[in-house]
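S.K.: pasting the structure only:
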């Protein structure tokens with residue numbers, strides 16, 4: 001089991017948006033991965049992007065430039 005740590009969590013209205021986020025982040029070498037939405041938050045789809053908090057600017061720039069709709073932005077210890 002992974003040790004719990006602070007993570008930046010982005011949620012999306014659709015699975016397509018979550019998958020688009022994964023694609024753009026992987027293409028740009030931005031750290032993170034798709035995860036199930038944590039139970040402490042709710043989202044339109046069941047997937048979220050989890051990244052280190054220090055990658056916040058990179059992640060948000062990628063979402064904006066890719067035209068990806070983000071439902072919510074959270075920092076959680078997971």
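M.R.: Noted; the coordinates are in hand. As the structure is a prediction and not an experimental result, all values here were calculated from the model. Numbers count the residues shown, from 1 in each chain.

S.K.: off-centre distance for stretch 14-32?
M.R.: Offset of stretch 14-32 from its chain centre (CA atoms, centre = their mean, to the nearest Å): 8 Å.

S.K.: with stretch 27-36 instead?
M.R.: Taking CA atoms, centre = their mean, one finds the center of stretch 27-36 at 7 Å from the center of the full chain.

S.K.: next, the distance between the ends of that stretch.
M.R.: Criterion CA to CA, to the nearest Å; first-to-last residue distance in stretch 27-36 is 21 Å.

S.K.: show residues contacting it.
M.R.: Residues outside stretch 27-36 that contact it (CB atoms under 8 Å, 6 or more residues apart in numbering): 8-9, 18-19, 21-22, 24-25, 46-52, 55, 58-59, 62, 78. (C-beta placed from N, C-alpha, C; glycine too.)

S.K.: whichever of those end up buried, select them in PyMOL.
M.R.: Typed into PyMOL, the line below selects the buried ones among the contacts of stretch 27-36, using 16 or more other CB atoms under 10 Å:
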select buried, resi 8+9+18+21+24+25+47+48+49+50+51+58+59+62
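
S.K.: what about the contacts of stretch 27-36, which are in strands?
M.R.: Among the contacts of stretch 27-36, the residues falling in strands (DSSP state E) are 8, 9, 47, 48, 49, 50, 51.

S.K.: and the two most separated of those?
M.R.: The most widely separated members of these, counting by CB to CB, are 8 and 47 (14.9 Å).

S.K.: what's near enough to touch residue 19?
M.R.: 34, 47.

S.K.: and of the ones in strands among the contacts of stretch 27-36, the nearest to residue 72?
M.R.: Using CB to CB, the ones in strands among the contacts of stretch 27-36 come closest to residue 72 at residue 9, 7.8 Å.

S.K.: what pairs with the residue nearest the centre of the chain across the strands?
M.R.: Nearest residue to the geometric centre of the chain (CA atoms, centre = their mean): residue 49, 2.0 Å. On the basis of DSSP bridges, residue 49 is bridged to residue 10, residue 34.

S.K.: cheers, nothing more for now.
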